[in-house]
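K.L.:
Sharing a model that was predicted from the sequence below.
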Amino acid sequence: MGYKKPSFIENIAEKIGIIPNLHKENYQEFDNDMRHFSDEEIAKMYENFPPPEKWDNWIEYNPKVWPKKDKKTYQIVPTTCFNCESACGLTAFIDKETQEVKKFEGNPYHPGSRGRNCAKGPATINQITDPDRILYPLKRKGKRGSGEWERITWDEALDTIAARIRKALNEGRHNEIAYHVGRPGHEKFMNWILQGWGIDGHNSHTNICSSGARFGYNIWYGYDRPSPDHAEAKFILLVSAHLESGHYFNPHAQRIIEGKMKGAKLATMDPRLSNTASMSDYWLPTYPGTEAAVLLAMALIILKEGLYNRNYLENWTNWKEYLLAKHSDKEVTFENYIEAMIEEYKDFTPEYAEKESGVKADVIVEIAHKIGEAGERFASHNWRAAGASNLGGWAVARCLHFLTVLTGAVGTKGGTSPNSWNKFSPTLPNSPKPQKKWNELHFPKEYPLAFFEMSQLLPHFLKEGRGKMDVYFSRVFNPVWTYPDGFTWMEMFMDEDKFGLHSALTPTWNETAFHADFVLPMGLASERHDINSYATHGGTWVAFRQPVLREAARRNGNPVKYTYEANPGEVWEEDEFWIELSWRIDPDGSMGIRKHFESPYRKGEKITIDEYYQYIFERIEGLSEAAKADGFSGQFAELEYMRKYGAYEIEKGESYKKNETPLTEEQLKGSKVDPKTDVITKDGKAIGVMVNGKAVVGFPTPSRKNEFYSQTMVDWNWPEYATPAYIKSHIHNDNLDKSKGEYVLVPTFRLPTLIHSRSGNAKWLVEISNRNPIWMHPDDAAKWGFKTGDLVKMNTDIGYFIDKVWVTQSMKPGVVACSHHIGRWRRPQDKIGNRWATNTVNIESDGNGGWKMNTIAGIKPFESNDKDSKRIFWKDGGVHQNITHAVHPDPISGMHCWHQRVRIEKPSEGEQYGDIFVDTNKSHQVYKEWLAMTRPAPGPNGERRPLWFKRAFKPDVSTYYIDKKDD
């Protein structure tokens, strides 16, 4: 920065020689001293962002030695961030002299993030330089969980695992092999792998994440995720701040601000004054679990005052089916449809909603009017929070979408589209057929409507003898810490009859990896291949995550065969690992596996990672032309383009009303139209619907429309929820005894600087956020005599944890909250592992289900090759709250209901900050209580699950029918 006129003090100090006279004309303390340049002159030395033609030879001045003018020459390689699902664009600046990554900045050619990043993106540099990261494949020594490891080769790991999988497959034990994933990061790749093996082996974290909201959307229109067009909206309603301060934080936040700058109003429904709520025009601090009541009150106002979109309701909802099923005494007219809905929701007055939620009736009325006025430009979103927290939480998303349907804002400009309309789906080489297996450990009969695998119940299923995991992969997945009831996971992991061979595929140490047999280091954001595509706005894009040092080596004429040859140590990537493992499982091709992993360009030979991505990229509409226009030619032109820019915009933002896409003559050839429903079928499958005399695609539901009335809910024994409803949560005020100090704990929010387990090895992020106190309103704190920093004992259904209080008006009275991504730990035998973030704890078991954890030491400075490790100034690593939560699986959606009924008290003498106790026998009892709420399969025709429901890694349709001998 150039110097301006000196201050009075500076002037005197310079004149008497205390400091150099920096303001003397042309003063230079040394050659190339930059301080005499003006701000304008320095600005000319830099560009907003280096243009691509300079990415292979970009010169900057080293800011660490300023004011010296020290040039650094970089090679810039694009990739994508891996610190949340957004997959924002990153560019790695690689020192050309040392071939080390020095920093990460945004990628302006990424259509989702547009060159902008939140704190988590640049912090990737901390993760790749973390002194505690795992650099080589490891195998346990001694007893599982002992903390002793030995280095092995990749060949040893691959051959051992491949032999075990091969044996299980040959013996017909397909369901004993499972891949359990936290953050996927790539599109369809594991479908290719696991279905290539012929197993129903995919398990995910989604039932502790978002499946509740997904179910609520799906039951309406066959899509499970919304894509709000924030930038073009007139009114935006967010149920919780999660996406806007966590998940899709950066791309959504940008576009919400754009919408507000154009005049849009923003409302946020959240009991906590989040960053998003603080920027909103309306903060609606609802009592947790009552959000659906507020939404239905808004719907009633829109209906009664005629603010609805008649054309949309008449054409795109199954209103005739509704009247015939629930109001058969009425004539089937649109007017009777409106009257019937008004009658159905007559009790949801603004006053009733205020009584339930605490949100003022006049505010509810005002927002209902704003939504009605916005019409087709009403954008909304619900993801976790309410949808992921309550018994019946899926009803919140269903009621929110009700408002979208009423206003006709489904798939409109400024409205809310299905995410699939704004998301690229790749075509894979040698794609295998769906597996002919159904894994009851993932999709048990008790949860026929569960939208994703019942992964939170896996240890309980194993505990009661439903099966075993002979070969189990945990991948970017840490259930011991992230999931509820982590001590039950620990018990099962320690039992080799339950988990035979556990391989943890992870970039960093974590609480689950401590209980593995193999710990296999996988690449971070800049060390791996993936393709990403997400519904960040009203357009469609695909991005390419690539290992930047491998790409730099290729550009410099030093190509490598495997990514681990270019990465630090022997850090590999999942893509190449899975291809190699698949090849070794079937060494001679006799099992029918190897053929799926042959090169599409070199018959009979193993596919390379470049060939895999080239096959996908050459099938993306418009990419070949873009590559040619940019000067690329030859067999790998499309891959070269993606290597250069890191992203490609497939569709720029006019993908609206795709349900109105006409069916072609070819599609209609041989089809039939049902005279009652107007549904068009072909070869026994619905392909569209007649609307106003036109054959259009519609929605992927049985009626091909938005289903206000769900026959599916009736058929699967939940007739009381045939239409959108308000379901009182397990933590409703009626279920709490305030006289005993019972409150609802909101444990679902995260701070925008942190990322579940992956925050722990990013020093900048931990420095910003490193503790998770109990948020408590001053009125509640006064009742208990609590001040900020006081200890509080939070008793859950299965134990307790002791935390500190933070007194704040940012919390709704009567509700307390605790952030869910802090409280990492390691044991004394775990010498290293995320030491920026982990407390050292002692864990004791009484051998009869009782587990205690107490903190031995907080975070301390440590010696390493990173000088900052000796400068750590924070001591508090927070408290692990999730481990004290019992599993609460919603009986319909399968979603874990995160909100906890807690009993607050002051700690007893001798109880300390961070103390934890859990009774796993009690947790298994709670599991059985919630299991008893279910209404198991079979459904119609002996089905395990509705045929029209999506399913991750969908198996062959023959598996959807329960064999009577299995009952």
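P.N.:
On my side now, so go ahead. Since the structure is predicted, the reported quantities are computational estimates derived from the model, not experimental observations. Numbering: from 1, shown residues only.
K.L.:
Which stretches in the stretch 651-800 of the chain count as helices?
P.N.:
665-668, 711-715, 763-768, 778-784 (DSSP state H, counting those that start in this stretch).
K.L.:
for the longest one, what is the average pLDDT?
P.N.:
Put plainly, it is helix 778-784. Confidence for helix 778-784, expressed as mean pLDDT, is 97.
K.L.:
Can you name the residues in contact with that helix?
P.N.:
Applying CB atoms under 8 Å, 6 or more residues apart in numbering, the contact partners of helix 778-784 are 743, 786-787, 792, 805, 807-809, 813-814, 816, 904, 906. Every C-beta, even on glycine, is put in place using the N, C-alpha and C of the backbone.
K.L.:
Columns neighbour count on top of those residues, output as CSV?
P.N.:
Formatted as CSV, these follow (neighbours: other CB atoms under 10 Å):
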residue, neighbour count
Tyr743, 20
Phe786, 21
Lys787, 10
Val792, 22
Val805, 21
Val807, 20
Thr808, 16
Gln809, 10
Pro813, 15
Gly814, 17
Val816, 27
Ile904, 21
Lys906, 14
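K.L.:
just to revisit the earlier point, highest average neighbour count across the helices of the stretch 651-800 of the chain?
P.N.:
Burial of these is given as mean neighbour count (mean count of other CB atoms under 10 Å); helix 763-768 ranks first at a mean of 20.
K.L.:
What is the least confident helix or strand in this protein?
P.N.:
helix 242-245 (a mean of 61; mean pLDDT, DSSP states H and E).
K.L.:
right, and the helix or strand after it?
P.N.:
For helix 242-245, the succeeding helix or strand toward the C-terminus, using DSSP states H and E, is helix 249-261.
K.L.:
ok, and what's touching that next one?
P.N.:
84, 86, 88, 112-114, 116-118, 121, 228, 230-233, 236, 243-245, 266, 276, 379, 381, 534, 536-537, 752.
K.L.:
Please list the members of these that lie in strands.
P.N.:
Members of the contacts of helix 249-261 lying in strands (criterion: DSSP state E): 228, 236, 266, 379, 381.
K.L.:
So Val77: helix, strand or coil?
P.N.:
At Val77, secondary structure determined by DSSP: H, G, I helix; E, B strand; the rest coil is strand.
K.L.:
so it sits right up against Gly89, yeah?
P.N.:
No - between Val77 and Gly89 there is no contact under CB atoms under 8 Å: 11.7 Å.
K.L.:
Mind telling me what element Trp283 is part of?
P.N.:
Here Trp283 is assigned to strand 282-284, by DSSP H and E.
K.L.:
do the same with Glu621
P.N.:
Per DSSP H and E: nothing holds Glu621, as it lies in no helix or strand.
K.L.:
so what's it closest to, chain neighbours aside?
P.N.:
Nearest-residue entry for Glu621: Ile650, 6.3 Å, with adjacent residues in sequence omitted and distances by CB to CB, 6 or more residues apart in numbering.
K.L.:
now Pro700
P.N.:
Gly222 (3.5 Å).
K.L.:
Okay, the one you found and Ala168: tell me how far apart.
P.N.:
35 Å (CB to CB, to the nearest Å).
K.L.:
Gly688 bridge partners, please.
P.N.:
Beta-bridge pairing for Gly688 (DSSP bridges): Ile680.
K.L.:
which residues touch it?
P.N.:
Residues in contact with Gly688 (CB under 8 Å, 6+ apart) are 663, 667, 671, 679-680, 695-698, 704.
K.L.:
returning to what we had before: hmm, Thr701 and the residue nearest to Pro700 touching each other?
P.N.:
Yes - using CB under 8 Å, Gly222 makes contact with Thr701 at a distance of 4.4 Å.
K.L.:
Touching both of these two, which residues are there?
P.N.:
Shared contacts of Gly222 and Thr701 (CB under 8 Å, 6+ apart): Trp948.
K.L.:
follow-up on the earlier one: possible to save the helices of the stretch 651-800 of the chain as TSV with distance to Tyr601?
P.N.:
Formatted as TSV, the helices of the stretch 651-800 of the chain follow (distance: least, CB to CB, whole Å):
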stretch	distance to Tyr601
helix 665-668	31
helix 711-715	44
helix 763-768	42
helix 778-784	66
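K.L.:
Figure out which of the ones you listed is closest to Tyr472.
P.N.:
helix 763-768 (29.6 Å; CB to CB).
K.L.:
Give the other helices and strands that the closest one contacts.
P.N.:
Secondary-structure packing of helix 763-768 (3 or more CB pairs under 8 Å, 6 or more residues apart in numbering; DSSP states H and E): helix 124-128.
K.L.:
CA atoms only: put the helix it packs on into PDB for me.
P.N.:
What follows is helix 124-128 as a C-alpha-only set of coordinates in PDB (Å, rounded to 0.1, in the frame of the first residue of the first chain):
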ATOM      1  CA  THR A 124      -8.100 -25.900   2.000                       C
ATOM      2  CA  ILE A 125      -4.400 -24.800   2.200                       C
ATOM      3  CA  ASN A 126      -4.500 -25.600   5.900                       C
ATOM      4  CA  GLN A 127      -5.800 -29.100   5.300                       C
ATOM      5  CA  ILE A 128      -3.200 -30.100   2.700                       C
END
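K.L.:
contact partners of that helix?
P.N.:
With CB under 8 Å, 6+ apart as the test, helix 124-128 has contacts from 81-83, 90, 101-104, 133, 507-508, 524-527, 568, 758, 761-765.
K.L.:
helix or strand right after that helix?
P.N.:
Going down the chain from helix 124-128, the next helix or strand is strand 138-140, by DSSP H and E.
K.L.:
Sweet, I'm off.
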